[in-house]
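K.L.:
Just to be clear, the model below is a prediction. Sequence and coordinates:
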Amino acid sequence: MLKLKLAGILRVKFRFIIFTISSLVFVTFFTITGCKLMSSDEHMNNVTHQSNAGALDEAQPTVFIALFIRNKAHTLPYFLTLLQELDYPKDRISLWIRSDHNEDRTLEILTKWINLIKKSDSYHSISSQIIDTPPFRQIDQTKSSVQWTPKRFRHIIRLKEEALAAAKKIWADFIWFLDPDAFIINNQTLKHLTKKKKRIVAPMLVSGGLYSNFWAGMENYYYKRTDQYKKILDRKIIDCFQVPMVHTAVLMNLRYITLPDFQESKVKNINSSVPIPEDDIIRFAVNAKNMDIPLEICNDLEYGALLTPLEDEAELAQDFAQLHNLKIEAAAYWYPSMRVSNDLKQWIPPMDQDRALSTLGFDQVYLINLKRRPDRLEKMKNVLKILGIKYQIVEATDGKLLTMNQLVDLGVEPLSSYRDPYSKRVMTYGEIGCFLSHYRIWNDMVQNRHETALVLEDDIRFEPYFELQLHRLFQEVADLNLDWDLIYLGRKRPSNVTEPWVSGSNYIVELGYSYWTLGYVISSRGAMKLIDAKPLRKLIPVDEFLPVMYNRHSNQEWMSAFPTRNLKAFSAEPLLLYPTHYTGEIGHFSDTEESVILNISQAKNCSSKDEL
């Protein structure tokens, strides 16, 4: 018995030594001669090997990217563009593409794209198998083309096993299982992840909602809600975290000998009597757990975005709207974001093609932007282009550039009793600049006789289906014959404030006290009321001034400074606009809060002049 054990140990050690020596010889040969590290696979279909251009980047490991594509003509122009734009040596990448059962133009796009990259790019190898013959659905797909059925799961499991075997056969260092619903916007993603040298890792991708490409809890093989999930998703904690499930963009380090696969686990989960589902990502996760192999999700960078899966009963067209919304969400955080190469522009979905711009039924749309924040402006330009919104840029008054003499010339005098409700400080120059920016818009409305206007700040994100929700909101305003001066689309509501619905309304509430001026619609009458209050002579921050003017502020001293408080203000419910970042989050910076505090005594010593 002892001899058998010893023989087994020696056999494993011998195989490991041979494996190590072979690897070293192979890599040494590759380094000295410049030969390609990945050999051809005679079992691949349509394999094309590209010539190496220039010196090899020895620092970058070889990556085998496995793509499984079905009915994704609407995502492919974006997905393939971002894939090509990864900052990673293409001669260190092999592409393995499988596509079948398509009912859209997936085949047409893939065929042209593959032919293009064969000519122009220098990927190490491209293996493609695209089936274009009927049936276009699998036999058990009775509900829709997006339905996940047992046959479809078995098919994807088989393909993933084939990809894993092919990657190992050509001695790839990593295999990246990348779904065409994943948009890797950060072009450093692959380089960053391979440097981590994790066994199995995925970049955290965002959807604009609660869905992402990991689970933080699993029970009976299915998703379990946990507090940890939200903390990771919201980036309240930053790192790479061990989780029970990763999917959609999974990078596996093939330098490790022991790795999970997608076959049915031979070791049942002792915590569950439930059969393991015939599902590729669940089987992979269960196998990893049974082998005590960590799966990790990394949120240390903003990597990209992904689409939320459709329900089995859904039609493919619903994914087009989801993609449109995701583009808007991504554009608020990245510039450039989900772009399309010239070669693929002809396949951009109709909803996302350039269209005639409009002001959404308002007389004007104003976009406030600080000149020293071109990053925000470029993002907002992209967002508004996707939304089809025509707008006028209002260069914000920069508090950093304001001087005391300028304030005197403008007739600005802060209200002497004003103190910030939280920090108890006086006004900052940034808050003064912010107020002046909005004040100039109100004046512009009156001077140009605009009856209505939409006012937007530049650090906002739009809720999904923004155009539809905005139309629905103002259709209700018309149906109710609502008498209004201002309607908030985005703001901060104190948690302890109860706001009743407008009578007969499903989308409009009566206002309580609120913060922020992310976005609002204002009428010419509302603008005149705000101007007539002569706020520059007793200035308070604009998001404090508005609640005073609609008579819902708790500070009676500030209220008394403005005796006429008759602004008819309301709010959309649910809100249509939110900030891109909240206080304390990575990426948050306030140009109003984090600026120089005004010297009140100096301001009082200056003589006041006429207002604008």
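P.N.:
Thanks, I have the structure now.

K.L.:
In terms of secondary structure, what does the helix or strand that L489 is a member of contact?
P.N.:
Per DSSP states H and E, L489 falls inside strand 486-492. Counting contacts by 3 or more CB pairs under 8 Å, 6 or more residues apart in numbering; DSSP states H and E, strand 486-492 packs against helix 466-479, strand 515-523, strand 569-572, strand 577-579. The way it works is simple: take the backbone N, C-alpha and C, and place the C-beta from them, glycine included.

K.L.:
helices and strands around the third one, which ones?
P.N.:
Okay, so that is strand 569-572. Partner elements for strand 569-572 (3+ CB pairs under 8 Å, 6+ apart): strand 486-492, strand 508-510.

K.L.:
Show me the one of the ones you listed that comes nearest K160.
P.N.:
With distances scored as CB to CB, the stretch of those nearest to K160 is strand 486-492 (42.8 Å).

K.L.:
List of residues touching that closest one?
P.N.:
454, 460, 470, 473, 477, 508, 511, 514-523, 526, 543, 546, 550, 567-572, 575-579 (CB atoms under 8 Å, 6 or more residues apart in numbering).

K.L.:
Mind doing that once more with 6 Å?
P.N.:
Contact partners of strand 486-492, identified using CB atoms under 6 Å, 6 or more residues apart in numbering, comprise 514-516, 518-522, 526, 569-572, 575-578.

K.L.:
May I have that strand as PDB, with CA atoms only?
P.N.:
Extracted in PDB, the C-alpha atoms of strand 486-492 (Å, rounded to 0.1, in the frame of the first residue of the first chain):
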ATOM      1  CA  LEU A 486     -41.300  74.900 -11.200                       C
ATOM      2  CA  ILE A 487     -41.200  71.100 -11.300                       C
ATOM      3  CA  TYR A 488     -38.100  69.300 -10.000                       C
ATOM      4  CA  LEU A 489     -36.800  66.300 -12.000                       C
ATOM      5  CA  GLY A 490     -33.900  65.700  -9.700                       C
ATOM      6  CA  ARG A 491     -33.200  66.700  -6.100                       C
ATOM      7  CA  LYS A 492     -32.400  65.300  -2.700                       C
END
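
K.L.:
what lines up beside it in the sheet?
P.N.:
Sheet neighbours of strand 486-492, with direction, are listed as strand 515-523 (antiparallel), strand 569-572 (parallel) (DSSP bridges).

K.L.:
For the helices and strands packed on strand 486-492, give me TSV that also has distance to K492, mean neighbour count and mean pLDDT.
P.N.:
Shown next, in TSV, are the helices and strands packed on strand 486-492 (distance: least, CB to CB, whole Å; neighbours: other CB atoms under 10 Å; pLDDT from 0 to 100):
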stretch	distance to K492	mean neighbour count	mean pLDDT
helix 466-479	19	16	97
strand 515-523	4	23	96
strand 569-572	11	24	98
strand 577-579	8	19	96
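
K.L.:
Surely Q141 forms part of a strand?
P.N.:
No. Counting by DSSP: H, G, I helix; E, B strand; the rest coil, Q141 is not part of a strand but coil.

K.L.:
got any ranges where the stretch 251-400 of the chain has weak pLDDT?
P.N.:
Counting by pLDDT under 70, the low-confidence segments of the stretch 251-400 of the chain come to 265-272.

K.L.:
do that again at 90, thanks
P.N.:
263-278, 316-317, 335-336, 349-356 (pLDDT under 90).

K.L.:
how about the helices in it?
P.N.:
280-290, 317-331, 374-387 (DSSP state H, counting those that start in this stretch).

K.L.:
hang on, S524 packs against E451?
P.N.:
Yes. In this structure S524 lies within contact range of E451 using CB atoms under 6 Å: 5.2 Å.

K.L.:
So for these two, which sits in the more crowded spot?
P.N.:
Higher neighbour count among S524 and E451: S524, with 18 against 12, using other CB atoms under 10 Å.

K.L.:
so what's the backbone phi/psi at E557?
P.N.:
Note on E557: its backbone torsions stand at phi -70, psi -40 [degrees, to the nearest 10].

K.L.:
and it, what is it in contact with?
P.N.:
Shown in contact with E557 (CB under 6 Å, 6+ apart): S417.

K.L.:
ok, it to S416 distance?
P.N.:
As for E557, its distance to S416 is 10 Å (criterion: CB to CB, to the nearest Å).

K.L.:
same question, Q322
P.N.:
In terms of CB to CB, Q322 sits 52 Å off from S416.

K.L.:
Have a look at those two and say which one is more surrounded.
P.N.:
Taking other CB under 10 Å, Q322 and S416 do not tie; Q322 has more neighbours (21 against 13).

K.L.:
related to what we said a few turns ago, need the winner for burial among the helices and strands packed on strand 569-572.
P.N.:
The highest average neighbour count among those, using mean count of other CB atoms under 10 Å, belongs to strand 486-492 at a mean of 22.

K.L.:
Span of stretch 229-247 from start to end?
P.N.:
The first and last residues of stretch 229-247 sit 15 Å apart, counting by CA to CA, to the nearest Å.

K.L.:
what distance separates that stretch from the middle of the whole chain?
P.N.:
Between the centre of stretch 229-247 and the centre of its host chain there is 15 Å, according to CA atoms, centre = their mean, to the nearest Å.

K.L.:
Would you mind listing the outside residues contacting it?
P.N.:
Contact partners of stretch 229-247, identified using CB under 6 Å, 6+ apart, comprise 202, 212-216, 218, 281, 285, 294-300.

K.L.:
buried set for it?
P.N.:
Using 16 or more other CB atoms under 10 Å as the test for burial, stretch 229-247 gives 229, 232-233, 235, 240-241, 243-247.

K.L.:
Could you pull up phi and psi at I114?
P.N.:
Dihedral pair for I114: phi -60, psi -40, per degrees, to the nearest 10.

K.L.:
can you count the residues close to it?
P.N.:
19.

K.L.:
burial count for the residue nearest to it when sequence neighbours are not counted?
P.N.:
Closest residue to I114 apart from its sequence neighbours, by CB to CB, 6 or more residues apart in numbering: S128 at 5.4 Å. Applying other CB under 10 Å, we find 21 other residues in the vicinity of S128.

K.L.:
what's the answer for R525, then?
P.N.:
For R525, the neighbour count with other CB under 10 Å is 15.
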